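**Q** coordinates for the following, if possible.
(chains A and B)
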Amino acid sequence: MAPPSNRRPGFSRRAQYGLFLGYVVALGGVLFAAMLLVVAIIDPTGFNALKGAALDATSPISAGGRSVVRFFSDIGGSVSNYFDAASQNGELKKKLAENEKKLLQAKATDFENARLRRMLFDSAHRFAILSAGSGSGVRPGQPVRSAEGLIGRVLETGRFASRILMVTDGASNVPVRMLRDGTPAIATGRGDGYIDLKTLEVGKNPFRRGDILVTSGTGGIYPPGIPVAVVISVQRDSTLARPTADPARIDFALVQAIYQPAATAQPDETPGQSATPIDSPPPATAP
Amino acid sequence: MSRIASSNRDVALSGLRRRWLPIVSILLAGLLHLVPIVFQGAYLPDFAFLVLVSWRLLRPEMWTASMALPLGLYNDLVAGHPLGESMALWTILFLLFDLLDTRVSWRDYWMDWLFASLAILFYTSADWLVARAMGSSAHISTMGPQMLVSVFAFPLVARFVLVLDRWRLSR
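**A** Reported below is the predicted structural model:
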């Protein structure tokens, strides 16, 4: 059936005006939405109350089912491990795991236990949802980690749930240093599950395959010494790393206090801030 | 099943179903965002968007452009997009579809798929641009898999919407 060639609803004036009004509303709505979007881009935490309420409202839906998902992601992991087996060195992995464990000297009193309930897939963003919100003391900007390494930082909070920007998100920049010799670098998410490492050194790429990156504490958000990523491939001018915390297998996450509370004024760490020398740690609470 | 409504209640129920099923199906598809699936890459399509486009292409006479506004607001809140993104993009898309309806009078399955693919391309790249404006450094190629999966998921979603539509109009 061919649709009518125009949408003119006949000779009724009332119907014609109604159609016209519909378009006026639609165009006005587009303008209004565009304004909202501009506000959201300029001030990402501006609508925290509204988005937090939405987070709370939807949190019961995915309250269960985490174990089921974990089962399936474990299957996925074993399948991909099988295909990767030829290129992976088992001993190296074991050594890395030992090294990573040595790093984890967590002071339990500083930590708040929170359950990482669901990961959110979103087209351009890598978010996760934590089933703890401002009701349990979670605040925007706080770093989130698991036993294996850094997950990300809190972006928005509701009363019972909060949204986390993961380290693999393209908007996430974490100041890190290489564990082997302390070379400072910035770990930037790529949006596809991996992390790009950018170092301040010019010329030679200082990284080797298997190098571990830990947070340096620069910028004041992330406490120093949390494992972030393991280098998996080194090109001449780009270094690819894999996050140490595999979000598919995380059940619990720790929300930590912001390392240097003064940093809350600037929640986004810029490369300029982290360009300060790594050798002189922030004065207040050196580890 | 009797084709004759036996009571006023049945008539009211089928009226409700006829009117609200498209909206409810889009809202439910939006909730798929909350299923705890972990994907580090961007692979999964935006189901609410696919269902919306399917309904719009299947039943153009049912929709006005302004209906996309509240649906977009809902999607922004549930999926965690920056507020206003889906609102603006979906409404612009509905206006474009209105324009399309006046230009292209004979459409078949393949053309609908083509238009849906163009809509997906528009939506995904706009989403990427917004993320870019918010400080993301993700490369456009990270959106590639998702775009591809969405384009090939569309026929399935359209099939599903067709089934829903038959149920909606059945007595």
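
**Q** all helices for chain A, in order.
**A** Using DSSP state H, the helices of chain A run over residues A:13-42, A:48-58, A:66-84, A:90-103, A:271-274.

**Q** helices or strands up against the longest one?
**A** So the one you mean is helix A:13-42. Judged by 3 or more Cβ pairs under 8 Å, 6 or more residues apart in numbering or on different chains; DSSP states H and E, helix A:13-42 is in contact with helix B:68-79, helix B:85-103, helix B:109-133. C-beta: built from backbone N, CA, C; applies to glycine.

**Q** just for chain B, where's the confidence low?
**A** B:1-3, B:33-43 (pLDDT under 70).

**Q** mind giving me the domain ranges of chain A?
**A** Annotated domains of chain A cover A:66-166, A:173-249 [automatic domain parsing].

**Q** send the alpha carbons of stretch B:122-141 over as CSV?
**A** In CSV, the C-alpha atoms belonging to stretch B:122-141 read as follows (Å, rounded to 0.1, in the frame of the first residue of the first chain):
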residue,chain,number,x,y,z
PHE,B,122,23.3,8.9,12.1
TYR,B,123,22.5,7.9,15.7
THR,B,124,25.8,6.1,16.4
SER,B,125,28.1,8.7,15.0
ALA,B,126,26.2,11.5,16.7
ASP,B,127,26.5,9.5,20.0
TRP,B,128,30.2,9.3,19.3
LEU,B,129,30.5,13.0,18.6
VAL,B,130,28.7,13.8,21.9
ALA,B,131,31.1,11.5,23.8
ARG,B,132,33.9,13.3,22.0
ALA,B,133,32.6,16.7,23.1
MET,B,134,32.5,15.3,26.7
GLY,B,135,36.2,14.6,26.6
SER,B,136,36.3,11.0,25.4
SER,B,137,39.3,10.2,23.2
ALA,B,138,37.8,7.0,21.8
HIS,B,139,38.4,6.5,18.1
ILE,B,140,35.5,6.3,15.7
SER,B,141,36.5,2.8,14.8
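
**Q** tell me the pLDDT of A:E148.
**A** With respect to pLDDT, A:E148 scores 83.

**Q** quick one on the thing from earlier: ok, of the domains of chain A, where does mean pLDDT dip lowest?
**A** Of all the domains of chain A, mean pLDDT reaches its minimum on domain A:66-166 (a mean of 64).

**Q** to which secondary structure element is the spatially most central residue of chain B assigned?
**A** Relative to the mean C-alpha position of chain B, the nearest C-alpha, by Cα atoms, centre = their mean, is the one of B:L52, at 2.1 Å. For B:L52, the element it lies in under DSSP states H and E is helix B:47-58.

**Q** please state the offset of stretch B:113-130 from the chain centre?
**A** Centre-to-centre, stretch B:113-130 and its host chain are 12 Å apart (Cα atoms, centre = their mean, to the nearest Å).

**Q** is it positioned near chain A?
**A** Yes: residues of stretch B:113-130 contacting chain A under Cβ under 8 Å from any Cβ of the partner chain: B:T124, B:D127, B:W128, B:V130.

**Q** how about that stretch, which residues are buried there?
**A** By 16 or more other Cβ atoms under 10 Å in any protein chain shown, the buried positions in stretch B:113-130 come out as B:W113, B:F115, B:A116, B:S117, B:A119, B:I120, B:Y123, B:T124, B:A126, B:D127, B:W128, B:V130.

**Q** for that stretch, give me every contacting residue.
**A** If you take Cβ atoms under 8 Å, 6 or more residues apart in numbering or on different chains as the criterion, stretch B:113-130 is touched by A:37, A:41, A:123-124, B:45-46, B:49-50, B:53-54, B:57, B:81-82, B:85, B:89, B:93, B:97, B:100, B:107, B:138, B:140, B:143, B:146-147, B:150-151, B:154-155, B:158.

**Q** quick check: bridge partners of A:L150?
**A** Note on A:L150: beta-bridge partners by DSSP bridges are A:R145.

**Q** show me what contacts it?
**A** Counting by Cβ under 8 Å, 6+ apart, A:L150 has contacts A:P143, A:V144, A:V167, A:V174, A:T215, A:Y222, A:I226, A:P227, A:V228, A:P243, A:T244, A:A245.

**Q** any idea how far the first one is from chain B?
**A** Spatial separation of A:P143 from chain B under the definition Cβ to the nearest Cβ, to the nearest Å is 18 Å.

**Q** same check on the fifth one?
**A** Here the criterion is Cβ to the nearest Cβ. By it, A:T215 lies 19 Å from chain B.

**Q** that residue and A:P175 touch, don't they?
**A** Yes: between A:T215 and A:P175 there is a contact under Cβ atoms under 8 Å: 6.9 Å.

**Q** mutual contacts of the two, please.
**A** A:Y222.

**Q** for A:E156, which non-adjacent residue is closest in space?
**A** The shortest distance from A:E156 to any non-neighbouring residue, by Cβ to Cβ, 6 or more residues apart in numbering or on different chains, is to A:R163 (4.6 Å).

**Q** again with B:L100
**A** B:F115 (6.6 Å).

**Q** any idea how far B:S54 is from the one you found?
**A** Going from B:F115 to B:S54 by Cβ to Cβ, to the nearest Å gives 11 Å.

**Q** with B:L28 instead?
**A** Taking Cβ to Cβ as the measure, B:L28 falls 14 Å from B:S54.

**Q** higher neighbour count, those two?
**A** Using other Cβ atoms under 10 Å in any protein chain shown, the more surrounded residue of B:L28 and B:S54 is B:S54, with 27 against 12.

**Q** was I right to think that one contacts B:A158?
**A** Yes: look at B:S54 against B:A158 with Cβ under 8 Å: they come within range, at 4.5 Å.

**Q** just checking, A:D181 touches A:D211?
**A** No: between A:D181 and A:D211 there is no contact, the gap being 9.1 Å when judged by Cβ under 8 Å.

**Q** quick check on those two: which one has the bigger neighbour count.
**A** Neighbours per residue (other Cβ under 10 Å) separate A:D181 from A:D211, with A:D211 holding more: 22 against 8.

**Q** up against chain B, what does the stretch 151-287 of chain A have?
**A** A:156, A:163, A:168-171, A:188-194, A:196, A:247-248, A:268.

**Q** what's the burial count for B:H81?
**A** For B:H81, the neighbour count with other Cβ under 10 Å is 26.

**Q** how is it classified with respect to secondary structure?
**A** Under DSSP: H, G, I helix; E, B strand; the rest coil, the three-state class of B:H81 is coil.

**Q** measure it to chain A for me?
**A** Per Cβ to the nearest Cβ, B:H81 is found 7 Å from chain A.
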